[in-house]
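Undergrad: quick one: sequence and predicted model below, then my questions.
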Amino acid sequence: MKTVIKTIILNAAELAFKKGLLPSDFTPEMEIEAPRHANHGDFSTNFAMVSASAQKMAPRKIAEIILSCIEESFTFDTENHNRDKTANYTRVKSENRIRILEKIEIAGPGFINFFIAPIAWYPFIQKIHQQGETFGRSNIGQGKKVQVEFVSANPTGPLHIGHGRGAAVGDAVGNILAFSGFDVQKEYYINDSGRQIRTLGRSVWLRLCQLIGRQIDFSEDCYQGDYIRDIALEISQLIVNEPPVKMGDYLLTKPEAEAVDTCAKYAADKILQGIKDDLADFGVGFDRWFSEQSLYDSGKVQDAIKDFKERDVIYEKDGALWFKTESFGDEKDRVVVRNNGLTTYFASDIAYHKEKFDRGFDRVIDVWGADHHGYINRINAAIEASGRKKEQFDVILVQLVNLLRAGQPVAMSTRSGEFVTLKEIVDEVGKDAARFIFLSRSYDSGLDFDLEVAKQQTADNPVYYVQYVHARIAGILLKASEQGIVMVVSHNLELLVEPEEIKLIKILAAFPEVVEKSARDLHPHVIFTYLVSLAAAFHGYYNHHKVITEHQELTLARLCLVSSVKKVISNGLTLLGVSAPERM
RNA sequence: GUGCUCGUAGCCCAGUGGAUAAGGCGUCAGCCUCCGAAGCUGAAGAUCGCUGGUUCGAUUCCAGUCGGGCACACCA
């Protein structure tokens, strides 16, 4: 509908110029928006204000000219406006045509306000029924390959609540982009190399030694969580070799380094499997699990370093290799190979991001915890240095979750073992409620997640407010069918004249624009805010009007309306990874 | 100290150049002989941290300032 309005304005401006009413055919960057207040119309444009300087005229004067040109020349119809064409009105004067504009007026400093006739909104209901679960889909992505990498937690412990927020955000962003015409791949980067894995191996090994009665101090820099003990116990009980022998005893015969290595590998695999299971329970699936170690095994880290040397962005100083990140906007240069010959984590990250683009992605999105923000410039530098554009890379910084229990902060540390796992949260409050809480507000803000509140107030959680709409409508449709009413797309939608009905349809019609905004901004919470407003509009309608009435045609029209609400609620919730239940 | 980020009603938070700043929680007053009250209607509650600047217009952009969070390794 916005594009229709825009076309109307541009055509009016063109006509005004041709008639000599406007001195310039300059077309400014205008905004077309739905005003906050209903008495400012359905859409409003600042066209007159933003073109005032170019036209050297007062905004209100320009607005009057535009207004007269619109009213003088055009009659608009809606017959063909259910396609994405911009020219979806005809320039005819036939009296039979439906006027979509009820009123246009000039207000305030020069706003042109458009009031859309109710009849112009009805086709959206038909459109929703025709398109079903594809309503809201667009092609702004034009099939471009985009990778969304998220969670990517080290396999050194179970996922906690912070990972949950990242998982919910990454998954939803992927869904929204896919719905908007991008070719999306979701990926998890496994940090299965480096010191943390060695620490993991040592932690398990020490626990294992304790199990068999050795007096060993459990080092403070090891992982303290109980899950380490569980894994150690598991390993000790494994039966290996011929003749059969317990793994615990077997490892004791080996050099410590080898034993630690075996523990590390077993524990990492075990924990990673747990992570996969927890994410699956959370409704999050990945297209690919990418191993950091594989970058070393395949030589890609060395290749990347070699490539950068050839590009002359790496130099040697103090026995280490430095990448000139400062010349790409970072505050100082960074080490990629230490003077002891070991590569840094940054080196594999350079190789990894190079690898991403080499795989053919036009665009790469990383979802990180906000505590990694200092890393952005570095990766940007790596991407630019390898010949890609900065614009092809986005980082979504997800602010931290403050976990509380009845208002008191809960210590969260993988190392100390003091944390509440994602699994525990999902088990307690449910997948839908957890995802809702994570997506209900912008990831730019920190989030307080109070376990007691989430548990106790389950029924008050606004996700149920939205899901309830879906279930309520399902109930209505069920009752209608029990009464033998067959749902068809009504030909008498103009029976929907109540203000609450028109308001509902307007909100439904805006869904595609909302999805598009969400995709452009990479902000899933926009969808949620929308769903809440749609739910509120529906609940208000429901409490004022009966859907199933004695008047059969009216009943059909209303069934048509509410079932389209149901479809849009479902589409929106699906994008957020939240289920749309028929019953609750 | 430097950098990033966030300061919007008692609490949580949306809006990010436009006309009367949107919700929720909590408080108060109402609504079920009627398609699910996990709902609805109404009331009270905000000089959008502060000070300047840019603009026809600033909660929104810029500078400064105060306050919260985070990051500042040849760690990952």
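TA: Yep, that arrived.

Undergrad: specify the local secondary structure of the closest residue to A:Ser152 other than its chain neighbours.
TA: Residue nearest to A:Ser152 in three dimensions, not counting chain neighbours: A:Tyr189, with 4.1 Å by C-beta to C-beta, 6 or more residues apart in numbering. (Each C-beta comes from the backbone N, C-alpha and C, glycine too.) A:Tyr189 falls in the strand class when you classify it by DSSP: H, G, I helix; E, B strand; the rest coil.

Undergrad: from A:Thr343, how far off is A:Tyr189?
TA: According to C-beta to C-beta, to the nearest Å, A:Tyr189 stands 16 Å off from A:Thr343.

Undergrad: A:Leu534 now?
TA: Applying C-beta to C-beta, one obtains 51 Å for the distance of A:Leu534 from A:Thr343.

Undergrad: then A:Ile104?
TA: Between A:Ile104 and A:Thr343 the distance, using C-beta to C-beta, works out to 65 Å.

Undergrad: between those two, which one's more packed in?
TA: Using other C-beta atoms under 10 Å as the criterion, A:Ile104 and A:Thr343 rank with A:Thr343 on top: 22 against 19.

Undergrad: give me every residue that touches that one.
TA: Contacts for A:Thr343 (C-beta atoms under 8 Å, 6 or more residues apart in numbering) come out as A:301, A:305, A:336-337.

Undergrad: would you turn these into CSV with pLDDT, neighbour count and distance to RNA strand B?
TA: Supplementary listing: the contacts of A:Thr343 in CSV, determined by pLDDT from 0 to 100; neighbours: other C-beta atoms under 10 Å; distance: C-beta to the nearest atom of the strand, whole Å:
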residue, pLDDT, neighbour count, distance to RNA strand B
A:Val301, 96, 24, 12
A:Ile305, 96, 19, 14
A:Val336, 95, 25, 9
A:Val337, 95, 21, 8
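
Undergrad: quick check: the gap between the residue nearest to A:Ser152 and A:Gly285.
TA: As judged by C-beta to C-beta, A:Tyr189 and A:Gly285 stand 16 Å apart.

Undergrad: where in the stretch 151-300 of chain A is pLDDT low?
TA: For the stretch 151-300 of chain A, not a single residue meets the criterion pLDDT under 70.

Undergrad: spell out which parts of it neighbour RNA strand B.
TA: Where proximity means C-beta under 7 Å from any atom of the strand, the interface of the stretch 151-300 of chain A facing RNA strand B comprises A:154, A:191, A:193-196.

Undergrad: can you tell me which of these are buried?
TA: For these, a neighbour count by 16 or more other C-beta atoms under 10 Å gives the buried set as A:154, A:191, A:193-194, A:196.

Undergrad: what is the nearest of those residues to RNA strand B?
TA: Using C-beta to the nearest atom of the strand, A:Gly194 is the member of those that sits closest to RNA strand B, with 2.9 Å.

Undergrad: contacting residues around that closest one?
TA: Applying C-beta under 8 Å, 6+ apart, the residues near A:Gly194 are A:292, A:345.

Undergrad: list the helices and strands the helix or strand that contains A:Gln273 packs on?
TA: Taking DSSP states H and E as the definition, one finds A:Gln273 inside helix A:256-281. Helix A:256-281 sits against helix A:195-211, helix A:226-237, helix A:247-252, helix A:422-429, with contacts defined as 3 or more C-beta pairs under 8 Å, 6 or more residues apart in numbering; DSSP states H and E.

Undergrad: please name the residues that touch the residue sitting nearest the centre point of chain A.
TA: Most central in chain A under C-alpha atoms, centre = their mean is A:Val173, positioned 2.3 Å from the mean C-alpha point. Taking C-beta under 8 Å, 6+ apart, we find A:Val173 in contact with A:148, A:150, A:365, A:367, A:396, A:522, A:524.

Undergrad: quickly find the element holding it.
TA: Element membership for A:Val173 (DSSP H and E) is helix A:161-179.

Undergrad: the inter-axis angle of that helix versus helix A:422-429?
TA: Between the axis of helix A:161-179 and that of helix A:422-429 there is an angle of 80 degrees, by axes from the mean of the first three to the mean of the last three C-alpha atoms, to 10 degrees.

Undergrad: just want the angle from helix A:161-179 to helix A:256-281.
TA: On the basis of the same axes, to 10 degrees, helix A:161-179 is oriented at 60 degrees to helix A:256-281.

Undergrad: just the C-alphas of helix A:161-179, formatted as CSV.
TA: These are the backbone C-alpha positions of helix A:161-179, laid out as CSV (Å, rounded to 0.1, in the frame of the first residue of the first chain):
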residue,chain,number,x,y,z
ILE,A,161,21.4,-18.7,29.3
GLY,A,162,23.5,-16.3,27.3
HIS,A,163,24.0,-18.8,24.6
GLY,A,164,20.2,-19.2,24.6
ARG,A,165,19.7,-15.6,23.7
GLY,A,166,22.3,-15.8,20.9
ALA,A,167,20.6,-19.0,19.6
ALA,A,168,17.2,-17.4,19.6
VAL,A,169,18.4,-14.3,17.8
GLY,A,170,20.6,-16.1,15.3
ASP,A,171,17.9,-18.6,14.4
ALA,A,172,15.2,-15.9,14.1
VAL,A,173,17.4,-13.7,11.9
GLY,A,174,18.1,-16.7,9.7
ASN,A,175,14.4,-17.4,9.4
ILE,A,176,13.5,-13.8,8.6
LEU,A,177,16.3,-13.5,6.0
ALA,A,178,15.2,-16.8,4.3
PHE,A,179,11.6,-15.5,4.3
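
Undergrad: the more surrounded of A:Tyr189 and A:Gly285?
TA: A:Tyr189 (22 against 12).

Undergrad: re earlier: give the contact list for the residue nearest to A:Ser152.
TA: Neighbouring residues of A:Tyr189 by C-beta under 8 Å, 6+ apart: A:149, A:152, A:290, A:292, A:352.

Undergrad: per-residue pLDDT, the first one?
TA: What that stands for is A:Glu149. Predicted confidence (pLDDT) at A:Glu149: the value is 97.

Undergrad: give me the number of residues near it?
TA: By the other C-beta under 10 Å criterion, the neighbourhood of A:Glu149 contains 23 residues.

Undergrad: hang on, the earlier thing: in strands only, show me the contacts of A:Tyr189.
TA: The strands, defined by DSSP state E, take in A:149, A:290 from the contacts of A:Tyr189.

Undergrad: and which of the contacts of A:Tyr189 is nearest RNA strand B?
TA: The shortest distance between RNA strand B and any of the contacts of A:Tyr189, using C-beta to the nearest atom of the strand, involves A:Glu292 and amounts to 7.5 Å.

Undergrad: burial measure for that closest one, as a count.
TA: Under the neighbour criterion other C-beta under 10 Å, A:Glu292 is assigned a count of 22.
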